[in-house]
Structures are given as structure tokens and as C-alpha cells.
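S.K.: Structure, please.
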Amino acid sequence: QVRLVESGGGLVQAGDSLRLSCTTSGGTFDRNIVSMGWFRQPPGKEREFVALIKPSTGQTSYADSVKGRFIMSQDNAANMVFLQMNILKSEDTAIYYCAASNRAFLSQYAINYAYWGQGTQVTVSS
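M.R.: Predicted coordinates for the structure are as follows:
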């Protein structure tokens, strides 16, 4: 079973930066994980796509709301992915989830991700 564990959340002020980490274990290679994603769920709203990365190539994709502020990266040797969040805004407040997909295509839709972490809270005060 693929296991994902997020860390790095917290309470920050608007304009600050924060870096989230996601550690993977449990045979991501054997289960043909093609892409890793970050999603978030703001209070009272549905889960939404933030960013994804294709570990084999480093290709990334971002939601328009975070483009230019957030950067997703990876450390394949350590089985980790990261989300560097800069110029944080109050609307970035959410629970952030790391996810893994074994679909053959890259997707911004949560339904295509089979494995999920437990989430980490990010709160941005204005």
C-alpha cells in the first residue's frame, strides 16, 4: 500500500512563505505511480487542484490561482515531493493534501489519484 505523509503546514501571515513536504513509501515504483499532486480544501469548499509533477521527467502543472507563487519539486532519491508556497494570501488557507496517481495521463482531477495523505493545515492570516 502506498503511504503518503505530509508535513510543514502551519500558521503564517499574508506575504510569508511556507514549504510543504510529502514523504512517500510502500512501493510507489511497483504500483506504477506516474504523477504526484498537491490538492487543497479551503474551509467550506470542495477539494481543488494545486499542482502536479511527473517524477520521471520533472514536468509540472499549476492551478491558475497559484501560478507564479507556488513551486512543486521532487527528490526522487528521498521519495519526497515538495510544495514551496510564496507570497501567501488568506485565500490559500486550506488543508493541503499530497496525492499519487497511477493513471497513464497527467490529471488535475482528484478522482484520478488513488493514494492520499492525511493532509496538513495551512492558515494564512491577513
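S.K.: center of this protein, which residue is that?
M.R.: The residue lying closest to the centre of the chain (Cα atoms, centre = their mean) is residue 38, at 2.0 Å.
S.K.: What residue, apart from its backbone neighbours, is nearest that one spatially?
M.R.: residue 50 (4.2 Å; Cβ to Cβ, 6 or more residues apart in numbering). In short, each C-beta sits where N, CA and C put it, glycine included.
S.K.: Now the one you found: which helix or strand?
M.R.: Using DSSP states H and E, residue 50 maps to strand 48-54.
S.K.: just checking, what packs against the helix or strand just after that strand?
M.R.: The first helix or strand that comes after strand 48-54 along the chain, using DSSP H and E, is strand 59-62. Packed against strand 59-62 by the contact rule (3 or more Cβ pairs under 8 Å, 6 or more residues apart in numbering; DSSP states H and E) you find strand 48-54, strand 70-75.
S.K.: Who does strand 59-62 pair with, and is each partner parallel or antiparallel?
M.R.: In the sheet, strand 59-62 lines up against strand 48-54 (antiparallel) (DSSP bridges).
S.K.: hmm, back to that, out of the helices and strands packed on strand 59-62, which one sits most buried?
M.R.: Using mean count of other Cβ atoms under 10 Å, the stretch among the helices and strands packed on strand 59-62 with the greatest mean number of neighbours is strand 48-54 (a mean of 20).
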